[in-house]
Structures are given as structure tokens and as C-alpha cells.
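**Q** got a sequence here, can you build the structure:
(chains A, B and C)
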Amino acid sequence: MTKISVTIDDKKLDVDVGKTILEVCKENGIEILTMCHLKGLTNTGACRLCLVEIEGVNKLLSACTTKITANMIIRTKTEKIKRYQLITSELFFAERNHVCSVCVANGKCDLQKLGYKTEMDHIRYPYLFPQCEVDTSHPWYVLDHNRCIMCTRCVRACSEVEGAYNWNVMNRGYQVRIISDFDTPWGESVTCTSCGKCVHACPTGAIWPKAIVQGQLEKKPEIIAELMEKRKMNL
Amino acid sequence: MSKKKIATVWLGGCSGCHMSLLDIDERILDVAKLADIVKCPIVDGKELPEVDIVLVEGSVTSDEHLREILHIREQAKALVALGDCAVTSNITGMRNYFDLKEVFDTAYINAVSNDKEGSVPGHPELLKLRDKVVPLQEVVKVDFVIPGCPPDADTIFYVLFEFLNDRIPNLSEVKKLRYG
Amino acid sequence: MNRQDLQTIIHSEKLKEENNKYKHKLCVCCGAGCISSGSEEVLKKLQEEVITRGMESEVEVIATGCMGPCNQGPLIKFLPEYTIYQKVDCSNIKDIVQRQLVEKKPIEDLLLFADSRLTPFIDAREDPYYKKQMKIALKNCGHINPERIEDYLVHDGYKALDKVLFQMSPEEVIAEIKQSRMRGRGGAGYPTGLKWETVYKYVSHQKYVICNGDEGDPGAFMDRSVLEGNPHRVLEGMSIAAYAVGANKGFAYIRGEYPLAIKRFELAIKQAKKLGVLGNNILGTDFSFDVEVRIGAGAFVCGEETALIASIEGKRGTPKPRPPFPAESGLWGNPTLINNVETFAGISPIINNGGEWYSDIGTPKSAGTKVFALAGKINYSGLIEVPMGTTLREIVFDIGGGIQGGGEFKAAQTGGPSGGCIPKEHLDVKMDYESLISLGSIMGSGGLIVMDKSSDMVDVARYFMEFCMDESCGKCVPCRVGTKMMHDLLKKICDANGTRIDLERLEELAVYVKECSLCGLGASAPNPLLSTLRHFRHEYESRITE
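**A** As a prediction, this is how the structure comes out:
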């Protein structure tokens, strides 16, 4: 494979062409914060946590969707980026009702980890406290909109990996919600195969298996990438 | 060097943070060497004098809490929000998704244990709940926050000890930042 | 139909004769603005009146597109005298016809701007309102019947398409557009020729041309008027673009709120296909190009090109990060050229008159003309087209007739919810891309809302923020939550409950949302806030409680 040289955080690297900035950083042990990215799914660039500065480019670009090109000079941890990551993290928490102490994902939640990584000790913006529903109609799983961060990893896992197209997004702006089929209770879905991929893809406690109590959730998001790899091998 | 003065206050919370504070166990002796605890729900003392550090547990849920926190702010050099309720409103804030009336009705009238015979208490001496529960930083300037539900005893001791030694604690640096 | 057939039609005496058959042409504005003030009724009554008087052999009554001063409607125009009557209602039609056509003495009191000018002009072209304007994109709007392709043909219609197909290579077309220095009229002002060239250079068996008619800015109706008034012009522009970049399929994405524009554009497609200037083997050449209309469902974000493409693909209209740009990977992953309605409307004059002619109009960096939709506290609201570089003062006072009720100008908002306001001190700013950016505003698609001192600038910022908040697609965090937070903070300040900390948070969020948002909607959402903060900070300060 052809190699190109790039500079990331003052480190000179020779990398394969055709990869995204995020892939290159991961391979080289450079940490990039992500939330909507999940290996195995297409990248949407929605959470804006992986924004990086690139010399000669007048705007910040998302590392997950931007292909690396020769001689790029990339900075991933400038003061500006760190500040923006902190604000994003605060907005995530302020948007819906994330009460860690009563959450099944407490201690195993990607959103909590994001808070720690951005050194967020409190949220400076007023909480929105929206009224969100909890859909318990599915026999095995629960969808709690209070804890959803609209990363759409479930939507993509459902359509791209399972091919069931149960999940989708409705409404606009801060009123967006994940919906099952045409906004019917999950338990009544005609498309859901109950495969559970969305449960593992979800980074927070928004989708979880029933009969689990606070802090006991075990998710294996890596199964999505494993499945996709195995599928490629079969082909 | 004269001893510093510490106080702790319990607003809208479950007192779990104070339980955790007690869990610093014998390290209380290290604290006592450097400071006097002048007011605390567990010790006597009705008035809050001027203090160096005050740890406040719980969020602002009523008019009484608001009056209290404004007074605390005046009396304290450093105001530390202790625990998730004080920092994020946490469980106390879970009533914010509903109207206050709904909350009262649920608690006093519609609760099963009331046999539908209950009534909302309305004595003028009782504190009045605010429409929305807010964390401390929405009403006063907060100097330091210790999230967690409850925060570890270790974390509380670390913060206290740093302040008492005139150092600014940094939870991220010592990997003690935790919510829930 | 091949080329000769078209030439025969265009040059046939019959077409010209038909056009010159009537001594008088009576144009009734049937743009959406005049229709809403009752012009269709006026049209009917006028036709009846002409028949009653037995004048149908010398007077042709036609329905045309927008004439400009929309709030003076319904408007009717007599050609060749160019006499325009305003606020025509059915009761004075008899008098107007009698005086204008029989006695040849126009009724001065009913002439255009009769209520605000000492002596109104019998020939409206003499009026400063029209004199200061220069119509390229809007040329023929208001003179021709948009529902008849013959009317367009008489006015050099499809001549440019004929020229590119038979005399120019795609490279030459692109060179001509590049020479014209035209910039995209959708708002960002990207050089059109460069965009075309980029799409042209990508090798692909399938390319697309998309016309963006999803005009969503509050107070903007430039694209609507062009589509309603001269749909063939846009269609011709799209065909020329398709020829230049090598596309064979086009989509016109028009918002559902413009039923008349959709109807007329669909009719234009049908007529053009019948005439052989659209469809397979256009004018007998190897070039084939087909256009379909796609109707937008009312989401502002679908005006953003990647969201628009998603919408055409049948998906939820949410934007995608760029790169890759649509020129490389657009509709269904194919190279796609996407231009605004007004951009396409400007193409055929460039081909007919040459790029140099166009580049001589306007300012060195912003060539050509720009259509603005005047709205707000201005006397003559409506649609105007001026050379780039015309000052705001000329637009507001010379053309727009100044502020309503003789009030005082306070600010003008350009670019709608993505733009900013220009205060009184900068009335002499030249309206071109760079000057507006330097004032913290943008050209945008051409909405121009004039405000007098009754406007509260904090509330203006709040209004536009509310718009962006409601219209955010909800995909990325900065725009979804950031606009909501900024709106709530602005509301708090509006209600005089805001503190200095709130103002600080607001400014911090504004910069964050601007830099971090995924698409242009989010990135420009803080603009009204930032520009009002820049020019009217005292209005914010005076609301702050300590």
C-alpha cells in the first residue's frame, strides 16, 4: 500500500492512504474523543467531538469523516479543541435527563467517560429537563429517551448490520427522538428482529435489557465491528 | 497559623453525602488539627458564622433553601458543592419534568398509601417548594464542586485536605472525578 | 425537433407577427404577491372589459410574473407605453381602460407610486425605482406570459442553449462562465465557473445537475419570483450547465410552499420537451438532458446542499460533513452540480452576451447583478435587481422609497437567519459579498429586511435564533442543543432577567456553534446574534441585571 506522511500533534507519521484521520490516530495511539462513531458502522460526523485542526483549512473537520491526505498537519488537542469538547460534553448532559445515580449504565457509560475525559465537573448551562418517555413495550428491552444522546448508533446498527430498519429519527432540533417503525411502541414493531444489536451499540443507558438494575449493564459494542469483519471474510 | 473554620450544610438531598463525609473515619483527626467544624447537621450550632470553607449538600428546592444558600454565600470564603444534587440537581431534580401541582398530587393525594384521602399540606410555616429544583451554581457562585452520588470519602477528604493546606484541589488530575 | 425546426420557429414571421399582432399589451402581474391581493380577479375583469369594448383584436391581456413593488399590488402594466397602475381593484378597471386606451390620458392618481410621488411617471421606466435597477435574472419577468414557451422564444429564449450546443465545447462554456466571474447566488458566493469545472473534471458515467429552489429564509422570495415569472430561463440555464459538466439528468428542488412555481416549472418542462429543447437528443444533437421536479416538504435545512441531496434521495433531509463535496460525491454518490435558481437564471444572458459583458457589471470581486427581496419597514417592499456594489442607501432610499411613515432607518438584516444586521453608520456600504462579510453579515440569498427604531435588536436576534432552533435538523450537538441554549439565554435577556454571566455564556456558545456545527445552518445560526452584539451591544447591556 502506498504510504503518505502526515504530522499529527507534532509527530511525523507514515500512514496508508485512504484512511480517515480517526483511523490513523487510533492506529498510532493518539486519542480522539468520539461518541457517534462506532467501528463497523458508517460515520456521520454528528457529535462533533472528533473535530481537529488542520493547517491550511479554515474550519474544524471531523476526524471520523475526513480522509487523510499527504502532508496534512493535524492538531487534535489544542486548547480550542479541548474547550469545544468540554462544551459539547456539557450540552449532552444538559439536553436530556441524565441522572447517573439511577442509571443502569452508571460506571459503564460512554457519556460519563466523556465527562471525565473533558474534565467536566459541573454543567454551566441550564438543564432543559424535557419530558421524555420510557418505552418498555418490548418484551426484553427498554428504550429510555431520557438518556438518549441522538448519536444514532442504534439506527445505523439496525439498518446497516441487521438490515431490519426498525429505528429511525423523527422531529427536528432539540425535539428529535428515536422512533421504532412509524413512531409506534417498540413492542409492536413489525420490523424489529429483537437481535439486540442496538442494545450493544448504544453508548449510554438509553437502550438496555430488562431485569438489570443500576450499574449492572454490560454492553459489548465491539460485536458490531466483529460481525462486519466476519461478513467481509465470508464474502 | 490560626485554625480554619469549616461548616457543612444539608439542603435538598438525602444526607448520603454527609454519610460519606463521616466515612473519612479517623482522618477526621487530620482535619481537626487544621480546622474547627463550626456548623454541621451532625453537630450542634444553629447559626452559621463566617467560615473559610463550607460544604453544601443538596440542591435548591424551596424558598427556604434559596434564602439559606444566599446567606451561606455571604458567610463563606469558599463554597463547595458536595455531591450530584448540589452540582447537577440529580435525583432531587427529577421532579422538574413535571408541574409542581402534579408532584404534590402524586405525593399527597394519589399515592396508594393515602387511599385517595390525602390533602396537600398548606401550613404557612411550612417551606414553599420552588417550581423547579436547581443546582447551586444556578443561584450562587460556587467555588468548587465535588460530583458523585455520593462522592467517595477519599474524594471528600482529598478536597478538604487540599483546601486546608491552601492548595486548590484538582479532581481530574487525581482521577477522582465521578458522577453517580 | 432538430435545430433547423427550432430556428424556423424562432425566426418565423408567424411568431413575431403573433407577438406584434396587438397594438397594446396589458400585463397583469400574477406573481404570488399580486395574486394574494386579488390580481386574478383583476385579470378576469380586464379580459371581460376588453371584450365588452370589442378591443380584443388590438389589446392582448396576459398574466405575467412579478413586476417588483409587491406591496403596491395588484399591478397592471400597459405596453408599449410602460404605464403601470397600482392597487388596481375591480371597481376602477372600466375607468383605467377608458382613460388609458381610449382617451390616451392616464389616470395620474392611480399610477404606480401615485400616493408617494409628487408627480408619478407615466413611463414607469423613468421612475427612480426602476431607473436604478438593472434586470438580468429578472429580465422579462413581468413582460411575458410564463406559461407560454412562445413568449420566451420571442425574447431570445433557448438561443443560448442553441449556441452552446452548436458552437461551443463544454470547456468553452465553462471558460465563458469563469470569465463572467459569476458567483453562486445561493448565499456563499462560490465562483460558479470553478464549481462547474470541478464537476466537469470528475470522471463518471452518471452526473447530475440540481437546481436549488428551496428558498427558506423568512422574507425572501427571489427564487419564487424567478420560477413563477420566467421558468424557462432557469430550465435553459440548467440545460447549459448539464451540457458543460456532462450530466444527463437534473432535479429542480422547489419547496412545497410555492405551488405556483412548481406548477409553472412543471409546465415549462412539458413545453420544453415538446419543443425538443429538453429530453433525448436535444435539437437533434447527442446531448440528452431530462429534468424532474422534487417538492420540498418545508424543512429549512433542505436548502443546505447535502441535506437537499439526501431529501432527493428519499432520505431524511439531514446534512453530511463536507468533504466530500457534492461535486465529487453528491446525488447517489455521483458527481453533482448544485446551483441556486438565480444562478441558473443568469446563465443564458452570459452565453448570449459573453462573459466579459457580465464581468463588467458590478464590482471587481462581485460581478453581475443581485436580486434582493425588500421587506420590513420600507415603503416599497418587493423584488428588485441591482448591480453588485449598489449601496444600501440607494437600495433603501432611492429604490425602496425610504422608511414607512417617514421614520428613521435603524438597521437592515441581510441574509435572513444566517446573516447579520447593518446599522445606520454603514448605510453607504456597497452591497457585495466581501463588504457584507466585513460588516459581520452575509449576502445570503438576497433577503433584505429593513428595520426602523421600533425594532428591538435583542428581540430580532431572539427571533432569528428561534427560527434556527426550530429548523435545526437535530443531527449535530452544537446546532441542536446550542441553538436551544442560545435561544433560552436570549429570551432571558429579552425578559430583562439576564445577567452578565448569561451574556458571557451566550457569546461563548455563539462562537462554539459557529465553529463546530456540521453544516451551514448551524455555522451561520449565531450570525444575527453576533452582529447585533457587534453593532448594538448597548441594547444588550441595558437589559442586563447585575
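
**Q** specify the local secondary structure of C:E385.
**A** strand (DSSP: H, G, I helix; E, B strand; the rest coil).

**Q** can you check C:V371 too?
**A** Three-state call for C:V371 (three-state DSSP): strand.

**Q** so what's it up against?
**A** Counting by CB atoms under 8 Å, 6 or more residues apart in numbering or on different chains, C:V371 touches C:137-138, C:185, C:222, C:225-226, C:342, C:383-385, C:446. C-beta coordinates here come from the backbone N, C-alpha and C atoms, glycine included.

**Q** closest to chain B out of those?
**A** C:G446 (42.5 Å; CB to the nearest CB).

**Q** state the number of residues packed around B:C14.
**A** Residue neighbour count, defined by other CB atoms under 10 Å in any protein chain shown, stands at 18 for B:C14.

**Q** and it, that one's in a helix?
**A** No - read with three-state DSSP, B:C14 is coil and lies in no helix.

**Q** just checking, what packs against the host helix or strand of C:L227?
**A** Remark: C:L227 resides in helix C:222-229, with elements defined by DSSP states H and E. Secondary-structure packing of helix C:222-229 (3 or more CB pairs under 8 Å, 6 or more residues apart in numbering or on different chains; DSSP states H and E): helix C:32-36, strand C:208-213, helix C:231-245, helix C:259-275, helix C:341-345, strand C:369-376.

**Q** in JSON lines: those, plus distance to A:I224 and mean pLDDT.
**A** JSON lines is the format used below for the helices and strands packed on helix C:222-229 (distance: least, CB to CB, whole Å; pLDDT from 0 to 100):
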{"stretch": "helix C:32-36", "distance to A:I224": "50", "mean pLDDT": "89"}
{"stretch": "strand C:208-213", "distance to A:I224": "33", "mean pLDDT": "97"}
{"stretch": "helix C:231-245", "distance to A:I224": "39", "mean pLDDT": "97"}
{"stretch": "helix C:259-275", "distance to A:I224": "43", "mean pLDDT": "95"}
{"stretch": "helix C:341-345", "distance to A:I224": "43", "mean pLDDT": "96"}
{"stretch": "strand C:369-376", "distance to A:I224": "49", "mean pLDDT": "94"}
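
**Q** you'd agree C:S204 is up against C:L337?
**A** No - C:S204 lies out of contact with C:L337 (CB atoms under 8 Å); the separation is 11.8 Å.

**Q** more crowded one of those two?
**A** The residue with more neighbours, out of C:S204 and C:L337, is C:L337; 27 against 15, by other CB under 10 Å.

**Q** can you tell me the SS state at that one?
**A** C:L337 - assigned by three-state DSSP - is strand.

**Q** wait, what's in contact with the nearest residue to A:R96 once chain neighbours are set aside?
**A** Distances taken as CB to CB, 6 or more residues apart in numbering or on different chains place A:N146 nearest to A:R96, at 5.4 Å, with adjacent residues excluded. Residues in contact with A:N146 (CB under 8 Å, 6+ apart) are A:96-99, A:132, A:134, A:206.

**Q** can you check C:V341 too?
**A** Residues in contact with C:V341 (CB under 8 Å, 6+ apart) are C:185, C:211-213, C:215, C:222-223, C:226-227, C:234.

**Q** now it: how far from chain B?
**A** 45 Å (CB to the nearest CB, to the nearest Å).

**Q** number of nearby residues for the residue in the stretch 401-546 of chain C positioned nearest to chain B?
**A** The stretch 401-546 of chain C approaches chain B most closely through C:I501 (8.9 Å), counting by CB to the nearest CB. The tally of other residues near C:I501 (other CB under 10 Å) stands at 13.

**Q** then the one 5 residues further on?
**A** Burial of C:L506 is recorded as 24 neighbouring residues (other CB under 10 Å).

**Q** and the gap between the residue nearest to A:C148 when sequence neighbours are not counted and chain B?
**A** The shortest distance from A:C148 to any non-neighbouring residue, by CB to CB, 6+ apart, is to A:A206 (4.0 Å). Noted for A:A206: a distance of 15 Å to chain B, by CB to the nearest CB.

**Q** same check on C:T198?
**A** 46 Å.

**Q** thought that residue was touching C:A327?
**A** Yes - assessed by CB under 8 Å, C:T198 is found in contact with C:A327 at 4.3 Å.

**Q** list the contacts of the residue positioned nearest the centre of chain A.
**A** Nearest residue to the geometric centre of chain A (CA atoms, centre = their mean): A:C36, 2.3 Å. A:C36 is in contact with A:43-47, A:64, A:151-153, counting by CB under 8 Å, 6+ apart.

**Q** which parts of chain A sit against chain B?
**A** Within chain A, the positions near chain B by CB under 8 Å from any CB of the partner chain are A:93, A:97, A:99-103, A:106-107, A:112, A:115-116, A:119, A:121-124, A:126-127, A:129-132, A:215.

**Q** wasn't C:C473 part of a helix?
**A** No - in this structure, C:C473 is coil, not part of a helix, as judged by three-state DSSP.

**Q** could you check which residue of chain B lies nearest chain C?
**A** Using CB to the nearest CB, the closest approach of chain B to chain C is made by B:K141 at 8.9 Å.
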